[in-house]
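In: Need a 3D model of the following:
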Amino acid sequence: MNILVIGSGGREHAVAHKVSQSDHVKEVYVIPGNDAMTNVATVVGTIAENEHERIVEFARDHRIDWVIIGPEQPLTEGLADILTAQGIKVFGPNRQAAQVEGSKSFAKQLMKKYNIPTAAYDLISSRDDALAYIEEHPAPIVLKQDGLAAGKGVVVAMTKQEALEAINELYVHGDNPVVFEEYLEGEEFSLMVFVNDDFIIPFDCIAQDHKRAFDGDHGPNTGGMGAYCPVSHIDGSIVELTNQLISYPIAEAMHKEGLDYFGLLYVGAIMTQQGPKVIEFNARFGDPECQVLLTRLETDLIEIIMALENKEAITLSWSEDTVVGVVLASKGYPASYVAGMPVHGYHGELDYYVSGLKQDDGWKTDGGRVMLAVGRGKTLTEAVNASYERVSRITSDGLFYRNDIAHRAMNS
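Out: Residues are numbered from 1 along each chain as shown. Predicted coordinates for the structure are as follows:
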């Protein structure tokens, strides 16, 4: 098989690496990729991920058997629809189905209609109404940008002042829909589910992400500063319950709505005193959860996709190791940052999944999140130490990272 991966981040680096290991795969291409992905694929940097017709042409010319779409933007723009209309197989949902991520209000309305447990919410479209709302609904409260925000359009306001600042930020360009949610107490975790309409193959291994920028879960929300799996302090019975209450019902709900979902569904969940509830859905692998989960997954990813296509059950096999990933990000992320900062110590090793490096007389930063250092170990402590040892090999004046990835599990 010839496989084409769409995207340029660490998630796509991990996906390309995973499919390159398949006995079914002859060639892996990545559009647009990044300079570090040449260790697992042929990088086609001359085509952008939003140049849909050129992607179709490339897929035809190179006899691509499967296109795997990594990021949310091309999914919500309908790249899967365009490819499938030309008879090209795509792992990734169509434009309508991708609304479960592309529109927070769409996802909330779907969950409400089909009684899928989630936080109570209201959709507020004007700044004045938002200001009145927080007078009646005191902090803590969660505010979410309705559309795509690369994992960063969420503010967990613990005080009234933080809520006011969030309103000023989310309505800075005028009135627009913002989802206001009740604040949920509990343990968060990330569950991935392969979906083909009303048929699912759920991961039986979950990961835990670290969204806040700084140690101790302080600072602004980011796309993710690190992750680890398995999450030993969250019992397997909770994962099973989450699948029963959320994964199977959301697949059935999307089937009844005629969304014809085919791809990976990310369930951002939280275990509350009332049971598991949905924080958010993503229409693709979470990043950086994808990197640690695929590192631990031993089953051939292409065989999973083929089983999903045929609606055949498949048992997923996992390494006994624990896997930890620590993100090195540009200073200033998730706000403004300086690109082009030199990075030393990286030599193409597959212990790193790269999202923001370019070759320019040596490696230089080229994004907010720059790379993920992966560590494995028989215990969580071994995996944490291995990951931070790899972090220590990288030197740059332009990078920062959290020092406490996996702290919840370490302290449980």
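
In: tell me which element the most centrally placed residue in the chain is part of?
Out: Centroid-nearest residue in the chain: residue 286, 1.7 Å away (criterion: CA atoms, centre = their mean). Using DSSP states H and E, residue 286 falls within no helix or strand.

In: got the residue ranges for the helices in this protein?
Out: 10-20, 52-61, 72-76, 79-85, 99-102, 104-113, 127-136, 160-170, 236-242, 248-256, 289-296, 301-309, 380-393, 407-410 (DSSP state H).

In: any chance of the ones you listed in a markdown table, with distance to residue 194 and mean neighbour count too?
Out: (Glycine included, C-beta is placed from N, CA and C.) Output for those, formatted as a markdown table (distance: least, CB to CB, whole Å; neighbours: other CB atoms under 10 Å):
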| stretch | distance to residue 194 | mean neighbour count |
| --- | --- | --- |
| helix 10-20 | 13 | 26 |
| helix 52-61 | 22 | 16 |
| helix 72-76 | 15 | 23 |
| helix 79-85 | 15 | 20 |
| helix 99-102 | 15 | 22 |
| helix 104-113 | 19 | 18 |
| helix 127-136 | 38 | 14 |
| helix 160-170 | 33 | 17 |
| helix 236-242 | 15 | 16 |
| helix 248-256 | 10 | 18 |
| helix 289-296 | 12 | 26 |
| helix 301-309 | 5 | 19 |
| helix 380-393 | 25 | 18 |
| helix 407-410 | 25 | 17 |
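
In: Please name whichever of the ones you listed is nearest to residue 401.
Out: helix 380-393 (6.0 Å; CB to CB).

In: any residues touching the closest one, and which ones?
Out: Residues outside helix 380-393 that contact it (CB atoms under 8 Å, 6 or more residues apart in numbering): 228, 232, 321-326, 328, 345-346, 351-352, 373-377, 401, 403, 405-406, 409-410.

In: Dump that helix to CSV, keeping only the CA atoms.
Out: Taking Å, rounded to 0.1, in the frame of the first residue of the first chain, the C-alpha atoms of helix 380-393 are listed here in CSV:
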residue,chain,number,x,y,z
LEU,A,380,5.9,5.3,35.4
THR,A,381,9.0,6.7,37.2
GLU,A,382,11.3,5.0,34.6
ALA,A,383,9.3,6.5,31.7
VAL,A,384,9.2,10.0,33.2
ASN,A,385,12.9,9.9,33.8
ALA,A,386,13.6,8.6,30.3
SER,A,387,11.5,11.4,28.8
TYR,A,388,13.2,14.1,30.8
GLU,A,389,16.6,12.7,30.0
ARG,A,390,15.7,13.2,26.3
VAL,A,391,14.5,16.7,27.1
SER,A,392,17.8,17.5,28.7
ARG,A,393,19.6,16.6,25.4
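
In: what's the pLDDT at the residue nearest to residue 234 when sequence neighbours are not counted?
Out: Closest residue to residue 234 apart from its sequence neighbours, by CB to CB, 6 or more residues apart in numbering: residue 189 at 5.6 Å. In this model, residue 189 is scored at 94, pLDDT.

In: same deal with residue 150?
Out: For residue 150, the pLDDT comes out at 52.

In: got it, and the one 4 residues further on?
Out: With respect to pLDDT, residue 154 scores 82.

In: That one: how many residues sit nearby?
Out: Using other CB atoms under 10 Å, residue 154 is surrounded by 20 other residues.

In: Quick check: it touching residue 144?
Out: Yes: with contact defined as CB atoms under 8 Å, residue 154 reaches residue 144; the gap is 5.1 Å.

In: Common neighbours of those two, please.
Out: In contact with both residue 154 and residue 144: residue 280, using CB under 8 Å, 6+ apart.

In: I'd like the helices of the chain as TSV, with distance to residue 3 and mean pLDDT appended.
Out: Shown next, in TSV, are the helices of the chain (distance: least, CB to CB, whole Å; pLDDT from 0 to 100):
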stretch	distance to residue 3	mean pLDDT
helix 10-20	5	98
helix 52-61	10	98
helix 72-76	16	95
helix 79-85	13	98
helix 99-102	23	93
helix 104-113	29	93
helix 127-136	45	90
helix 160-170	39	90
helix 236-242	29	94
helix 248-256	25	97
helix 289-296	14	98
helix 301-309	7	98
helix 380-393	27	98
helix 407-410	34	84
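
In: mind putting those in JSON lines, distance to residue 361 included?
Out: Listed next are the helices of the chain as JSON lines, based on distance: least, CB to CB, whole Å:
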{"stretch": "helix 10-20", "distance to residue 361": "22"}
{"stretch": "helix 52-61", "distance to residue 361": "29"}
{"stretch": "helix 72-76", "distance to residue 361": "30"}
{"stretch": "helix 79-85", "distance to residue 361": "34"}
{"stretch": "helix 99-102", "distance to residue 361": "38"}
{"stretch": "helix 104-113", "distance to residue 361": "43"}
{"stretch": "helix 127-136", "distance to residue 361": "47"}
{"stretch": "helix 160-170", "distance to residue 361": "38"}
{"stretch": "helix 236-242", "distance to residue 361": "47"}
{"stretch": "helix 248-256", "distance to residue 361": "48"}
{"stretch": "helix 289-296", "distance to residue 361": "28"}
{"stretch": "helix 301-309", "distance to residue 361": "35"}
{"stretch": "helix 380-393", "distance to residue 361": "20"}
{"stretch": "helix 407-410", "distance to residue 361": "38"}
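
In: Out of those helices, the one nearest residue 207 is which?
Out: Of those, nearest to residue 207 by CB to CB is helix 289-296, at 4.0 Å.

In: ok, and what's touching the closest one?
Out: 10-11, 13-15, 17-18, 190, 192, 203, 205, 207, 209, 224, 227-230, 266, 285, 301, 318-319, 321-325, 353, 372, 374, 376.

In: Pull out the buried members of these.
Out: Among the contacts of helix 289-296, the ones that count as buried by 16 or more other CB atoms under 10 Å are 10-11, 13-15, 17-18, 190, 192, 203, 205, 207, 209, 224, 227-230, 266, 285, 301, 318, 321-325, 353, 372, 374, 376.

In: Which members of those are positioned in strands?
Out: Among these, the residues falling in strands (DSSP state E) are 190, 192, 209, 227-229, 266, 322-325, 353, 372, 374, 376.
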